[in-house]
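>>> predicted structure and sequence below. I'll ask about it afterward.
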Amino acid sequence: MEYKLSTVERGLLKNISDIEDFPKGAFNIRKNGKALKRNVTDNINIIPKEGKPGIDIIVKADTKDETIYIPVIITEGGMTDVVYNDFYIGENADVIIVAGCGIHNSSCETSEHDGIHRFFLEKNSKVKYIEKHYGEGKGTGDKILNPQTIVKLKSGATMEMETVQIKGVDSSIRQTIGQLEDNTNFIVIEKIMTHGVQNATTKFEVSLDGENASTKVTSRSVAKDSSKQHFISNIKGNTNCFGHVECDAIIMDNAIVKATPEIEANHIDARLIHEAAIGKIAGEQLMKLMSLGLSKEEAEKEIINGFLK
């Protein structure tokens with residue numbers, strides 16, 4: 001009998017993956033700690049792990065123009081879900097991977113998902129990886145998400161990683177580790193919004209080990225109410241390489257934002273840059289929008305949406 005997604009399940013998938021039903025092509029949808037449904041293609045295989053929760057995603061060499069969906073949804077309170085996913089991307093492949101986790105918690109107990117993802121990109125392969133986190137539910141139980149991403153790029157490989165914490169996540173610790181060989185490029189774009197008493201910590205550690213390896217990490221965040229954020233980065237230039245880290249944050253109300261940058265040049269030709277800016281919404285920008293008829297709240301929302309776009 002064909003499984004039909006509920007309204008809650010559809011809503012979670014829409015928020016984290018822009019799908020409202022089982023997609024075409026390769027996918028693995030996980031619900032409450034178990035595989036809900038899985039599909040493979042001629043070029044992409046998805047194999048359950050033995051001995052621990054998770055899957056191996058194997059992409060054949062020269063695979064082009066395919067999208068892999070691996071979202072996780074949690075609809076129960078009191079659940080801690082841990083998953084280990086490994087991605088093996090063949091030479092010259094070029095694919096999109098859409099992940100993320102959505103939690104619906106209407107209980108008084110905590111729901112948590114910890115995803116450990118490892119990426120192994122072969123020579124000249126390319127991946128765009130999209131990961132969104134979202135929480136909802138009227139219960140008092142926390143919604144916790146702690147993703148860990150480990151990226152290993154072989155010669156000529158490129159990975160673009162877009163991470164978004166939409167709303168409703170009470171606590172998150174995101175760790176990203178990159179190891180780059182010759183002529184590789186690792187691009188990270190992070191967007192985070194926190195409110196209430198939420199906490200968000202992100203840690204980036206990238207080792208530029210190969211000739212002409214490069215990375216660019218861009219973080220945009222908004223902290224409201226009494227929420228707290230901490231951005232930590234450590235970029236190591238071990239050869240002729242380039243690294244650029246940019247952290248910009250808007251702080252509002254009684255929120256706290258902390259940036260801890262570290263760049264380490266271990267080679268005379270390592271070029272490393274770190275930029276950080278934290279501040280409130282500019283008064284003149286707010287007044288300009290309010291002069292057009294927007295309320296203060298509407299003007300703030302307009303500025304924030306543009307900042308995180």
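Arrived safely. Residues are numbered from 1 along each chain as shown.
>>> tell me which residue is most central in this protein.
Centre of the chain computed as the mean C-alpha position; nearest residue by C-alpha atoms, centre = their mean is residue 163, 2.6 Å away.
>>> strands along the stretch 151-300 of the chain, start to end?
158-165, 171-180, 185-194, 199-208, 213-223, 228-237, 241-251, 256-265, 270-279 (DSSP state E, counting those that start in this stretch).
>>> any idea which of those gets closest to residue 77?
strand 171-180 (15.4 Å; C-beta to C-beta). Bear in mind the C-beta positions are built from the backbone N, C-alpha and C, glycine included.
>>> average pLDDT for that closest one, rounded please.
Strand 171-180 shows an average pLDDT of 97 in the prediction.
>>> I'd like to know how many residues surround the closest residue to residue 181 other than its chain neighbours.
Taking C-beta to C-beta, 6 or more residues apart in numbering, and ignoring the residues beside it in sequence, residue 181 has residue 210 as its nearest neighbour in space, at 3.8 Å. As a burial measure, the neighbour count of residue 210 was computed by other C-beta atoms under 10 Å and equals 21.
>>> next, the contact list for residue 132, please.
Contact analysis of residue 132 by C-beta atoms under 8 Å, 6 or more residues apart in numbering lists 15-17, 100, 163-166.
>>> for those residues, point out the one with the lowest pLDDT.
Within these, pLDDT is lowest for residue 166, at 79.
>>> isn't that residue up against residue 131?
No: at 11.2 Å, residue 166 does not count as touching residue 131 under the criterion of C-beta atoms under 8 Å.
>>> who's more crowded, those two?
residue 131 (25 against 18).
>>> report the beta-bridge partners for the residue nearest to residue 215 when sequence neighbours are not counted.
What sits nearest to residue 215 in space, not counting adjacent residues and going by C-beta to C-beta, 6+ apart, is residue 186, at 4.5 Å. Beta-bridge partners recorded for residue 186 (DSSP bridges): residue 159, residue 215.
>>> which residues are in contact with the closest residue to residue 209 other than its chain neighbours?
If you skip the residues right next to it in sequence, residue 209 has residue 238 as its closest partner in space, 5.1 Å away by C-beta to C-beta, 6+ apart. By C-beta under 8 Å, 6+ apart, the contact set of residue 238 is 207-209, 266-267, 270.
>>> by neighbours, which of these wins?
Greatest neighbour count in these, by other C-beta under 10 Å, goes to residue 208: 31 neighbours.
>>> can you confirm residue 56 is in a helix?
No: the assignment for residue 56 is strand, going by DSSP: H, G, I helix; E, B strand; the rest coil, so no helix is present there.
>>> specify the beta-bridge partners of residue 74.
Beta-bridge partners, per DSSP bridges, of residue 74: residue 103.
>>> return the residues in contact with it.
Taking C-beta under 8 Å, 6+ apart, we find residue 74 in contact with 31-32, 81, 101-105, 111, 113.
>>> among these, who's most crowded?
Using other C-beta under 10 Å as the neighbour definition, the contacts of residue 74 reach their maximum at residue 103, which records 31 neighbours.
>>> check that residue and give its pLDDT.
pLDDT, residue 103: 96.
>>> what's the separation between it and residue 96?
In this structure, residue 103 lies at 24 Å from residue 96, with C-beta to C-beta, to the nearest Å as the measure.
>>> again, but for residue 64
Here the distance between residue 64 and residue 96 works out to 11 Å (C-beta to C-beta).
>>> comparing these two, which shows the higher neighbour count?
residue 96 (15 against 10).
>>> tell me which element that one is part of?
Secondary structure assigned from DSSP states H and E places residue 96 in strand 94-98.
>>> and that strand, how far from the chain's centre?
The gap between where strand 94-98 is centred and where its chain is centred comes out at 14 Å by C-alpha atoms, centre = their mean, to the nearest Å.
>>> what count of nearby residues applies to residue 296?
So residue 296, with other C-beta under 10 Å, has 11 neighbours.
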